[in-house]
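*Asks:* Quick one: sequence and predicted model below, then my questions.
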Amino acid sequence: MGTHLPIPDYQSFFLPLLLLASDGKIHGVRDAIETLSNQFNLSNEERKALLPSGTQRIVDNRIGWARTYLTKAGLLETPKRGYFQITPAGRALIVTNPQELNINALMQYDTFQEFRSGRLPQTDNKKDVPVSPHTTPQEQLEEGIEKINQNLSEELLQEIKNCTPSFFEKIVVDLLITMGYGGSRKEAGEVLGKTGDEGIDGIIKEDKLGMDTIYIQAKRWEAVVGRPEIQKFVGALHGQRAKKGIFITTSSYTKDALDYVKNIDPKVILIDGKTLTNMMITFNVGVSILQTLEIKKIDTDYFHEE
């Protein structure tokens, strides 16, 4: 068995996709994805791997963009949505028996240069549209958002560590309420703001009807939280005959602590500083929207003729 390689970048699919179309037939994109996935010996996990947003499979995205770039270069055409076919220019290229096909090779085609520069034919309305040699535009966008959110998460965690204990309690209450826990904000504030005994900082309703109760410990700690602290919390839960608990810290947990809560009763969820800030970003607690970007696609229902 040879060395297993990661999912190829979109350029690696250029030549195989063009060769697949060299029979002159009309090919479906879904079938092409399956064929090329087999050709590159992709595992089931690799075939199912998603972009960071979880909106599309990585291999689908890369092969889709490979087809787009080949189409922009005039080597493929799309006779109908979701299908492609080789063009005379594509056939001419195949005759030369190319050993490799990449972005630089596509730059010899005027239509691709126009696409690359963001310039419509017969216009001077030019804007620079960078083309990465390794990642698709969708991947670049999502990677950029991830980096922005990672930086925001770090800044948010520092703000939390600098705030007072009472304000930290407010952050926890606001987050849990926004996530749908705790009934009313007043009720949540009352129960969480009362420091209890035996390692329990507060109690909050699981839902607005109060069908069950969740016990909480929230600590602004710098030190890593180990198994002994979690065991104390679990002991306190047993003392209350509680079934569910949440331990929140601004630091992190040892592996021993994380392993400990996997198979215990009551059920305990451990939330570290990174998870806490990611939840705050997701539910817009302590952050505001700076900019909204829209990604649009063809509305196939609009073009459906009765």
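*Replies:* Looks like it arrived, so ask away.
*Asks:* The helix or strand harbouring Leu70: what's the following helix or strand?
*Replies:* For Leu70, the element it lies in under DSSP states H and E is helix 58-72. Next helix or strand after helix 58-72 toward the C-terminus (DSSP H and E): strand 76-77.
*Asks:* List the contacts of that following strand.
*Replies:* Where contact means C-beta atoms under 8 Å, 6 or more residues apart in numbering, the residues beyond strand 76-77 that reach it are Leu17, Leu18, Ala21, Arg67, Leu70, Thr71, Phe84, Gln85, Ile86, Thr87, Gly90. For every residue, glycine as well, the C-beta is placed using N, CA and C.
*Asks:* Pull the distance from that strand to the chain's centre.
*Replies:* Relative to the mean C-alpha coordinate of its chain, strand 76-77 is positioned 31 Å out (C-alpha atoms, centre = their mean, to the nearest Å).
*Asks:* At the geometric centre of this structure, which residue do we find?
*Replies:* Centre of the chain computed as the mean C-alpha position; nearest residue by C-alpha atoms, centre = their mean is Pro52, 2.3 Å away.
*Asks:* quick one: the residue nearest to it when sequence neighbours are not counted from Lys243, how far?
*Replies:* The shortest distance from Pro52 to any residue other than its chain neighbours is 4.6 Å, reached at Glu142 (C-beta to C-beta, 6 or more residues apart in numbering). When distance is defined by C-beta to C-beta, to the nearest Å, Glu142 is 38 Å away from Lys243.
*Asks:* between those two, which one's more packed in?
*Replies:* Between Glu142 and Lys243, Glu142 has the larger neighbour count (other C-beta atoms under 10 Å), namely 19 against 14.
*Asks:* For that one, what are phi and psi?
*Replies:* Main-chain dihedrals, Glu142, degrees, to the nearest 10: phi -70, psi -40.
*Asks:* next one: Ile26
*Replies:* Per degrees, to the nearest 10, the residue geometry at Ile26, taken as phi and psi, is phi -90, psi 130.
*Asks:* My read is that it contacts Tyr83, right?
*Replies:* Yes. With the criterion set as C-beta atoms under 8 Å, Ile26 and Tyr83 qualify as a contacting pair; they are 5.3 Å apart.
*Asks:* Run through the stretch 1-150 of the chain and note the low-pLDDT ranges.
*Replies:* Scanning the stretch 1-150 of the chain with the threshold set as pLDDT under 70 gives 1-5, 118-133.
*Asks:* need the strands for it, in chain order.
*Replies:* Taking DSSP state E, counting those that start in this stretch as the criterion, the stretch 1-150 of the chain contains strands spanning 27-28, 76-77, 83-86.
*Asks:* Export these as TSV, with columns for mean neighbour count.
*Replies:* Written out in TSV, the entries for those read as follows (neighbours: other C-beta atoms under 10 Å):
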stretch	mean neighbour count
strand 27-28	16
strand 76-77	20
strand 83-86	20
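*Asks:* want to throw these into TSV with distance to Phe303?
*Replies:* Conversion of the strands of the stretch 1-150 of the chain to TSV gives the following (distance: least, C-beta to C-beta, whole Å):
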stretch	distance to Phe303
strand 27-28	19
strand 76-77	18
strand 83-86	15
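*Asks:* Much appreciated, bye for now.
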